[in-house]
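J.: could you look at this predicted model? Sequence included:
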Amino acid sequence: MPTQGVRVIEFQSVTKRYADGTVAVDSLDLTIDAGRITVLVGPSGCGKTTSLRMINRMVEATSGTILVNGEDIRAQRPATLRRGIGYVIQNAGLFPHRTVIDNIATVPVLLGTKKAAARRRAEELLDTVGLPRELGKRYPAQLSGGQQQRVGVARALAADPPVLLMDEPFSAVDPVVRDDLQEELLRLQSELGKTIVFVTHDIDEAIKLGDKVAVLRVGGELAQYDTPATLLAKPVDDFVASFVGRDRGYRALGFLSAHGAEVVPLSTIPLGSPVDEARAALTGGWGVVVDENQAPLGWVSTSSLSTVEGELRSADLVAGGSLYVADSPKSGSLRTALDAALSSPSGVGIAVDSGGAVTGGVTAESVLKALDEARRSGEVPS
Ligand SMILES: Nc1ncnc2c1ncn2[C@@H]1O[C@H](COP(=O)(O)OP(=O)(O)OP(=O)(O)O)[C@@H](O)[C@H]1O
């Protein structure tokens, strides 16, 4: 099956009325782009899960049409349809009595792949989702919540479906793990280019992950469907504005590229340099110590070097803050740049290229200046 077919999912005036009369989705028109992440977001009960499940026919629409790749899904047998659509849910939904490897291999084996081959592929998928292969022999209960969620993603990817449906997949894990899982999904997506439909009630998650975001309101109506930037800059009404939140200027930092922020020269000092040379190389009292590949190892300052003699060793370094990649067009966001500046002991965030080598530094002021410019050009709200 192709990894990146021209799959577009199209909702044409789709309504779902449950047997008790509840209208969960009301005349939904939505075109979901191939190879992108589309997020459905909105308050509890607004019909996100119902919309998602109609795509793989776990829920049947009452009226309207859903096309996948131009074909009406009602014309396909649900089992055939689902072969091309992976599904990931909250708490991973793993089979408790099967090992991790067998969980991942489930669908390929059902589809006729030999067990040994399916297991080998499952091991590769553990690598793909960033889990050590040793975990393959464990049972789901022997994994952390975040690890289980990664296995859930690996299982959904096992049959290499062009479409992935993800229903609040990261909601049950703590914020730090959730952040890791989100980063991992973005990394995976940059390699795999799946058509992903992602449901969440968390607007921050929607803005971070979505190429496009559909905001739904209770009653199953589409309130706005736009890129995160447009959603933040131009909410169509009070509902969307309040859902997106008052601090949307700060949120905007998360998707504005840090490319616009000025990178200033930074003194770099090779580990092992004589301390006298290191002292002479400091700028504004600080310098970044690097390895032979120019990758940052930590900081030294006038005061940290005051008692050091001989050559610079790892033990002499002050731990550095977070890094940000300033390697257009792969630059990190302004938020990563600001995080780097604020978490750095010197107040200057370390900018690296995509190979991890130091290219310079960025200050909080330069981030705010770039934000100001984005505001003036109307890219983000003022
Ligand atoms: N099987 C069902 N029978 C009757 N009503 C249902 C059924 N499933 C969902 N609903 C109702 O349909 C509406 C939409 O539900 P849905 O689960 O799609 O919303 P959601 O946006 O995913 O909510 P949440 O964020 O709370 O999961 C809700 O009012 C819900 O109570």
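T.: Ah, there it is. Residues are numbered from 1 along each chain as shown.

J.: which bits of the stretch 201-350 of the chain sit near the ligand?
T.: Counting by C-beta under 6 Å from any ligand atom, the stretch 201-350 of the chain comes close to the ligand at His201. The way it works is simple: take the backbone N, C-alpha and C, and place the C-beta from them, glycine included.

J.: quick one: contacts for the residue in the stretch 201-350 of the chain positioned nearest to the ligand?
T.: Proximity of the stretch 201-350 of the chain to the ligand (C-beta to the nearest ligand atom) peaks at His201, 4.8 Å away. Counting by C-beta atoms under 8 Å, 6 or more residues apart in numbering, His201 touches Val41, Gly42, Pro43, Ser44, Lys48, Glu168, Ser171.

J.: just confirm the third one contacts Gly220, I think it does.
T.: No. Under the criterion of C-beta atoms under 8 Å, Pro43 lies out of contact with Gly220, with a separation of 11.6 Å.

J.: check contacts around Gly260.
T.: Leu334, Ala370, Glu373, Ala374.

J.: for Gly355, pull up the helix or strand it's in.
T.: Under the criterion DSSP states H and E, no helix or strand holds Gly355.

J.: nope, Tyr87 is what I was after
T.: strand 85-89.

J.: now for that strand, which elements pack on it?
T.: helix 145-157, strand 163-167 (3 or more C-beta pairs under 8 Å, 6 or more residues apart in numbering; DSSP states H and E).

J.: sheet-wise, list the partners of it with their directions.
T.: strand 163-167 (parallel) (DSSP bridges).

J.: other residues contacting the partner strand?
T.: So strand 163-167 is contacted by 7, 9, 48-49, 52-53, 55-56, 68, 84-90, 156-157, 194-199 (C-beta under 8 Å, 6+ apart).

J.: using CSV, write out every CA atom in it.
T.: Output in CSV follows, covering the C-alpha atoms of strand 163-167 (Å, rounded to 0.1, in the frame of the first residue of the first chain):
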residue,chain,number,x,y,z
VAL,A,163,-4.6,7.6,6.8
LEU,A,164,-4.3,7.8,10.6
LEU,A,165,-7.2,8.7,12.9
MET,A,166,-6.1,9.7,16.3
ASP,A,167,-8.7,10.3,19.1
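
J.: and the angle for it with helix 145-157?
T.: Counting by axes from the mean of the first three to the mean of the last three C-alpha atoms, to 10 degrees, strand 163-167 lies at 150 degrees to helix 145-157.

J.: ok, and of the contacts of His201, which contact the ligand?
T.: The subset of the contacts of His201 within reach of the ligand, by C-beta under 6 Å from any ligand atom, is Gly42, Ser44, Lys48.

J.: helix/strand/coil for the second one?
T.: Going back to what we said before, that points to Ser44. coil (DSSP: H, G, I helix; E, B strand; the rest coil).

J.: ok, it - contacts?
T.: His201.

J.: give me the neighbour count for the residue nearest to Leu135 when sequence neighbours are not counted.
T.: Leaving out its chain neighbours, the residue that sits closest to Leu135 by C-beta to C-beta, 6 or more residues apart in numbering is Val100, at 5.6 Å. Taking other C-beta atoms under 10 Å as the criterion, the count of residues near Val100 is 28.

J.: swap in Gly21?
T.: Gly21: 6 neighbours (other C-beta under 10 Å).

J.: check Lys137 too.
T.: Lys137: 11 neighbours (other C-beta under 10 Å).

J.: just give the closest residue to it, not the sequence neighbours.
T.: Computed as C-beta to C-beta, 6+ apart, the closest residue to Lys137 that is not its neighbour in sequence is Thr99, at 5.7 Å.

J.: sorry, back to before: which one's more surrounded, Pro43 and Gly220?
T.: Gly220 (24 against 13).

J.: the more buried one contacts Ala24, correct?
T.: Yes. Contact criterion C-beta under 8 Å: Gly220 and Ala24 qualify, at 5.1 Å.

J.: which SS class is Val367?
T.: Classification of Val367 by three-state DSSP places it in helix.

J.: what sits against the closest residue to it other than its chain neighbours?
T.: Spatial nearest neighbour of Val367, chain neighbours left out: Leu338 (4.5 Å); criterion: C-beta to C-beta, 6+ apart. Leu338 makes contact with Leu253, Gly349, Ala364, Val367, according to C-beta under 8 Å, 6+ apart.

J.: within the helices and strands, which one has Leu338?
T.: Using DSSP H and E, Leu338 falls in helix 334-343.

J.: again, but for Gln189
T.: Secondary structure (DSSP H and E) places Gln189 in helix 175-192.

J.: who are the packing partners of the next helix or strand after that helix?
T.: Once the chain leaves helix 175-192, the next helix or strand it forms, by DSSP H and E, is strand 195-200. On a contact count with 3+ C-beta pairs under 8 Å, 6+ apart, strand 195-200 meets strand 37-41, helix 48-55, strand 163-167, helix 203-209.

J.: ok, strand 195-200: who's next to it in the sheet?
T.: strand 37-41 (parallel), strand 163-167 (parallel).
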